[in-house]
Every structure is written in C-alpha cells, then in structure tokens.
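> Here you go, sequence then predicted model.
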Amino acid sequence: MSPAPTFETIPETVAAIRKALPEGLHTPSVGIVCGSGLSGLVESLRDVTLVPYDGLPGFAKSTVPGHRSSLAFGFIGEKQAVPVVAMLGRFHPYEGHSLSTVMYPIRVMAALGIKDIIITNAAGALNPEFSVGSIVVVRDHLALPGLSGFNPLIGPTFSPEVTRFLPVSGAYSPALRRLAFLAAHQLGLPSDDLVEGTYAWVSGPTYESPAEGTFLRRVGADMVGMSTVPEVLAARELGVGVLVLSLATNKVVIPEKYRSIKEEVAAELAGKKIELPVEEVVSHAEVLEIGKIKGDVMRKLVAKIIDLIPESVRDATQP
Ligand SMILES: O=P(O)(O)O[C@@H]1C[C@H](O)[C@@H](CO)O1
Ligand SMILES: Nc1nc2[nH]cnc2c(=O)[nH]1
C-alpha cells in the first residue's frame, strides 16, 4: 500500500498539475469522477489536457479494468465554456489503497477550485423497480464500512480548517439533484431512465451473496457499490456540492425463495421431473458492457447538468 497522503502534499500536487496545464484551465469549477466503464464521459470535454496520475505526488494507479489513470482538464457546455476536471479512473479500498489515497484526488480537485462535483459509479440494483441501465440520482447513503469502524474520516482531521464532526444529512445537494431531472427532461430521456435512490457502500471486491443482497434491501438500500462514499465525504468536508449518478449495471440476486437441493433430491428419488433454475451470476465484464451501452446517455446527461449549473451556484459554496 502506498503511504497515506496528507494535506501537506496538496500544494505540491496542485503545483505539479498547474505546471502541465494551459492558463485557462488552472481553476476548474466542476469536478467529475468517472465510474467503472464510464471514462467515455471525457468525450464531452473540449480542448482536453491529460495529466497522468503517474508522477503526481499522493496519487496512486488505478488497477481496475475500465479505469484509466489520468486527470482530464477541458471545457464543457453549450451555453458557456465551463472549465472542468475529470478523474478517468478512481481508487478503491479493495485494491489495497488506503482511504486517504481514495479521497486524495477529491481534496486536490477542491484545492484546484472546484465548487461542485459529479461523481458517477457502476452499481448493482437492489430495488426491484429499477432496470439494468437505469441511472439513479443518489439521495442518501448507507456506509456499511463506516458504520462498522472504517469511517473514511477516522484519524487526524485532514487539515486544521475542517470540522471534526461532519454532518451528512444534506450531503447530496437537492439543487444539483433537481438539475439532473431538469437535464433529463431537456434531453428527452424517458422518465424511467432517471430514478432516485439510496446507495449502500460496501468494501467489495466480492459481489453480494443472496443473503447480503436481501439484508441491504431490507435496510433501505436501492443500489449497492464499492466506491463513491469516501469521495462524497471528502468533498463535503471541503464544502464542495455533490451530485452522485449511479448506473445500474446489474440486478443484485435477491431470491424470493432459496432453491432447495433437499426438495430436488426428494423429487428426483420419487421419479418426478424437475426444472432446474438458471443461476444468475454478476461479472465485471457485464458491468463494463452496460457502461458502454449507457455511456453516451450518461455523457450527455452530465454535460447538460453542467450547462445548467448557474454561474452563481458554481461560484458559491453549495449549502
Ligand atoms: O468504480 P465503480 O464504483 O464505478 O466500480 C464498480 C464497483 C467495482 O469497482 C466494480 C465492480 O464491477 O464496478
Ligand atoms: N457491490 C457491488 N458493486 C457493484 N458494482 C457493479 N455492480 C455491483 C454489484 O452488484 N455489487
């Protein structure tokens, strides 16, 4: 595991990034995090400058297929040219990265000047009403590792300026969530394409057992994934407005009734013909495939949302 970066290295990282950038991109106002298979969001950017993570103090390398390892700086928007920075690839604790490493790029983007951040991820749908391909505007989270002793903010506070006790009841900006639905309307997306829900953060890298899926659904989660919440906390700690868009790449297996091998054997011994159920298995390849199929919709949505953020909001710290 790379040594956990601290706030002391931020100025050094910011200086290294700015050195690689043309003048107009030194202070991006919106950050984007591209989830698994969603690095194509970068195609909305104009006049792109890529800054590889390699060589940036405090940055690690993403080891997950579907995650590149670069920051992309550029402009987005039809109405206005909004300077943005996108993370093409994120860090996950299951890769062996410390939680400080996972949060570090968010803290660097805040130091560069972002006022809002749009965090995307690929996640499993627990809510039976959601379809594969639905985009979920996250309204709340269940931080399972946080509740069990691995809150990303445990330890010395990141800097002397941030609060020790961060409230998270309003972490997901209602103003930005509203813009997401307005943007979907303006793009003419079918109403079922964009839904609202609660994201459960688990450590991974295993997908959920049927009992775990059942448990998470019963305690109120609509989606489950292995990222995002540490990034949300890091952003909120620094007053950055947060919007999370979760792409439902698969349905989590939640059995109505467990298959009974005992009953199957009894039926077989009694000479009865039985129909064996098809076993559903989630795979990262399937996750990436849905990312590819829905990537263009996600890209247009993110670009439209950024276009709709009024300058007054981008220039002020979100409530
Ligand atoms: O980085 P995200 O949260 O988009 O990636 C999800 C969670 C795991 O990293 C991976 C599992 O398929 O996709
Ligand atoms: N934990 C978890 N993460 C995912 N990322 C994409 N799909 C899934 C899933 O089903 N479970």
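Ah, there it is. Numbering: from 1, shown residues only. Ligands and ions are numbered 1, 2, ... in the order given.
> residues touching whichever residue of the chain sits closest to ligand 1, list them.
Taking Cβ to the nearest ligand atom, ligand 1 has its nearest neighbour within the chain at G35, 2.8 Å off. (Each C-beta comes from the backbone N, C-alpha and C, glycine too.) Residues in contact with G35 (Cβ atoms under 8 Å, 6 or more residues apart in numbering) are R90, I119, T120, N121, A122, S227, T228, S246, L247, G291.
> Not counting sequence-adjacent ones, nearest residue to the second one?
Nearest-residue entry for I119: V33, 4.4 Å, with adjacent residues in sequence omitted and distances by Cβ to Cβ, 6 or more residues apart in numbering.
> Would you confirm that that neighbour belongs to a strand?
Yes. Checked against DSSP: H, G, I helix; E, B strand; the rest coil, V33 lies within a strand.
> what's the burial count for the closest residue in space to F7 that isn't next to it in sequence?
Nearest residue to F7 in three dimensions, chain neighbours excluded: S159, at 4.1 Å (Cβ to Cβ, 6+ apart). Using other Cβ atoms under 10 Å, S159 has 14 neighbouring residues.
> what does the protein put close to ligand 1?
With Cβ under 6 Å from any ligand atom as the criterion, the chain meets ligand 1 at residues 35-36, 64, 90, 92, 121-122, 204, 225-227, 284, 287.
> at 5 Å what do you get?
Residues of the chain lying close to ligand 1 by Cβ under 5 Å from any ligand atom are G35, S36, N121, A122, G225, M226, S227, H284, V287.
> Report the beta-bridge partners for the fifth one.
Right, G225. Beta bridges link G225 to W201, judged by DSSP bridges.
> Tell me how far it lies from V302.
Separation of G225 from V302 (Cβ to Cβ, to the nearest Å): 18 Å.
> Which of the three states applies to V253?
Per three-state DSSP, V253 ends up coil.
> hang on, the earlier thing: got the confidence number for the residue of the chain closest to ligand 1?
Looking at G35, its pLDDT stands at 90.
> end-to-end on stretch 127-145?
21 Å (Cα to Cα, to the nearest Å).
> hang on, I meant stretch 222-231
Terminal residues of stretch 222-231 are spaced 19 Å apart (Cα to Cα).
> same check, this time on stretch 148-160
26 Å.
> next one: stretch 110-124
End-to-end distance of stretch 110-124 (Cα to Cα): 29 Å.
> Contact partners for the closest residue to ligand 2 within the chain?
Nearest residue of the chain to ligand 2 (Cβ to the nearest ligand atom) works out as G124 at 2.2 Å. Contacts for G124 (Cβ under 8 Å, 6+ apart) come out as Y207, E208, G213, M223, V224, G225, A248, T249, N250, K251, V252, V282.
> Now stretch 79-94: average pLDDT?
Per-region confidence: stretch 79-94 scores 92 on mean pLDDT.
> what about it and ligand 2, touching?
No. Contact of stretch 79-94 with ligand 2 (Cβ under 5 Å from any ligand atom) is absent, the minimum separation being 9.7 Å.
> end to end, how far does that stretch reach?
The first and final residues of stretch 79-94 sit 40 Å from each other (Cα to Cα).
> buried stuff in it?
V82, P83, V84, V85, A86, M87, L88, G89, R90, F91, H92, P93 (16 or more other Cβ atoms under 10 Å).
> Which member of those residues is positioned nearest V168?
Proximity of the buried residues of stretch 79-94 to V168 (Cβ to Cβ) peaks at P93, which lies at 18.4 Å.
> From T157, how far off is the closest one?
Distance from P93 to T157, by Cβ to Cβ: 20 Å.
> If we ignore the residues flanking it in sequence, what's nearest L126?
By the measure of Cβ to Cβ, 6+ apart, the closest residue to L126 outside its immediate chain neighbours is R217, 4.4 Å from it.
> and the one you found, how many residues sit next to it?
There are 19 residues near R217, going by other Cβ under 10 Å.
> check contacts around it.
With contacts defined as Cβ under 8 Å, 6+ apart, the neighbours of R217 are L126, N127, V252, I254.
> Could you do C34 as well?
Counting by Cβ under 8 Å, 6+ apart, C34 makes contact with G40, L41, V42, H67, A86, M87, L88, G89, R90, T120.
> how does it look with 6 Å?
Neighbour list for C34: L41, L88 [criterion: Cβ atoms under 6 Å, 6 or more residues apart in numbering].
> Quick check: the gap between it and E12.
Applying Cβ to Cβ, the value for C34 to E12 is 25 Å.
> same question, G55
12 Å.
> Settle it for me: which of these two has more neighbours?
E12 (13 against 9).
> So, low pLDDT: which residues of the protein?
Scanning the chain for pLDDT under 70 picks out the ranges 1-3, 67, 311-319.
> What parts of it come near ligand 2?
Counting by Cβ under 5 Å from any ligand atom, the chain sits next to ligand 2 at A122, A123, G124, Y207, V224, G225, M226, T249, V252, V282, V287.
> residues touching the last one, list them.
Yep, that's V287 we're talking about. V287 neighbours (Cβ under 6 Å, 6+ apart): S36, A122, T249.
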